[in-house]
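Peer 1: here is a sequence together with a model predicted from it:
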Amino acid sequence: MWRQTNLVLLPSSSGMPEAAAGAGPFVWAVDVSQWNCAPYTQLDTARGAGCPAPGMAQFEQDVDALLLPHDPEAAAKVRRYLRPIDRVRSLVARLLPRIMYLSEGGATSCAWSDLRFAEEPEGKRPYLAAPKDLASIDYNLSHDGDWVVLAFTRSPSVRVGVDVMEISLPRYEESSASFCRTMELAMTRAERDWMLSANDDAVTLSRLYDVWTYKEAFTKAIGKGLGFDFTSVEVAFWEEEQGGPRLRIQNIPETRYAFTRISIPSGAMRQSQSAPGSRIVVAAGPNAAAGDHSVPLEAEEAKAKGILHMWSFDEVLRTSKALAPVSYTHLTLPTICSV
């Protein structure tokens, strides 16, 4: 079965979601767990030696075909990472906005090669520079663990910020309490006290990620970078009511932003390993009517509500190749390693 998008006919198996109804925000999450394991999480010491990790020769061809002719700078940024998993995440983060604008933008004359992207000077927030008639759709990206996430909204008066984090203790930390101490420069005293009051390591860790993902999503929505003073933002989960936790900026209540919180499982390739799940938070504003889903959602519930669409890495590649017809005949065949 085939179905019509704005530009091309795509097979129903491509993974392309139906055009989302309403203003949003909406979330696309791409499972890259097939790459989130050795040897792809290790430094690529064989890079350039003609003997890449399995699958990486084809990956390089995909970068050449889908990015290099249209955005050489983006292709170079994908390749600058030393770990294959980071190159994979970077490629997906550059393909998703192109897919989104061509499938959701409503333009009938726009092609893959017409899209131009840039970054805001402060915070390096990406945005669509051209064509201007699609600029009413705002988007933001995040990646961690098994997932690369894009959030977008169609409302011209609303910006979105998104953060995804795997709910796991970093290897360098001894406990959730020590992790809280590491993060204390980004937390208010009240936030830190709330995290530690749980007296349970798992709950403390969950609370830490609650606060951090909300802060990160909010600051990305307003276009602030990592140099921002995160202690000026307080997310008061201990005052949580029906509308979600209270947000304060410099101790002044901020009510113009709505948050969407989604719990998502580990990727398909790591579920048998009992790998930890992740948390996605989207901030949308300054018009809170952009979407108030402040009640935490499980992934299946978010999918049923039309908020979340989950992709596999292969589905993203297939969809990209359908939207950007490319020829691989001019590319160098992958080098075969001899033993």
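Peer 2: Structure received.

Peer 1: list the buried ones in stretch 101-113?
Peer 2: Buried positions in stretch 101-113, judged by neighbour count with 16 or more other C-beta atoms under 10 Å: 101-105, 110, 112. All C-beta atoms are positioned from the backbone trio N, CA, C, and that covers glycine.

Peer 1: typed the wrong thing, it's stretch 79-88
Peer 2: 81, 83-88.

Peer 1: select, from the buried residues of stretch 101-113, the two members most distant in space.
Peer 2: Glu104 and Trp112 (14.3 Å; C-beta to C-beta).

Peer 1: out of the helices and strands in this protein, which is least certain?
Peer 2: strand 2-4 (a mean of 37; mean pLDDT, DSSP states H and E).

Peer 1: select from the buried residues of stretch 79-88 every entry located in helices.
Peer 2: Using DSSP state H, 84-88 are the members of the buried residues of stretch 79-88 that sit in helices.

Peer 1: on that earlier part again, any chance of the buried residues of stretch 79-88 in a markdown table, with pLDDT and distance to Ala283 too?
Peer 2: Below are these laid out as a markdown table (pLDDT from 0 to 100; distance: C-beta to C-beta, whole Å):
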| residue | pLDDT | distance to Ala283 |
| --- | --- | --- |
| Tyr81 | 95 | 27 |
| Arg83 | 95 | 29 |
| Pro84 | 96 | 31 |
| Ile85 | 97 | 26 |
| Asp86 | 97 | 25 |
| Arg87 | 97 | 28 |
| Val88 | 98 | 26 |
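
Peer 1: in CSV: those, plus distance to Tyr209.
Peer 2: Formatted as CSV, the buried residues of stretch 79-88 follow (distance: C-beta to C-beta, whole Å):
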residue, distance to Tyr209
Tyr81, 24
Arg83, 23
Pro84, 26
Ile85, 21
Asp86, 21
Arg87, 26
Val88, 23
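
Peer 1: quick check: closest non-adjacent residue to the residue positioned nearest the centre of the chain.
Peer 2: Geometric centre of the chain, nearest residue: Val149, 2.3 Å, by C-alpha atoms, centre = their mean. When the adjacent residues along the chain are set aside, Val149 lies closest to Val164, with 4.5 Å between them (C-beta to C-beta, 6 or more residues apart in numbering).
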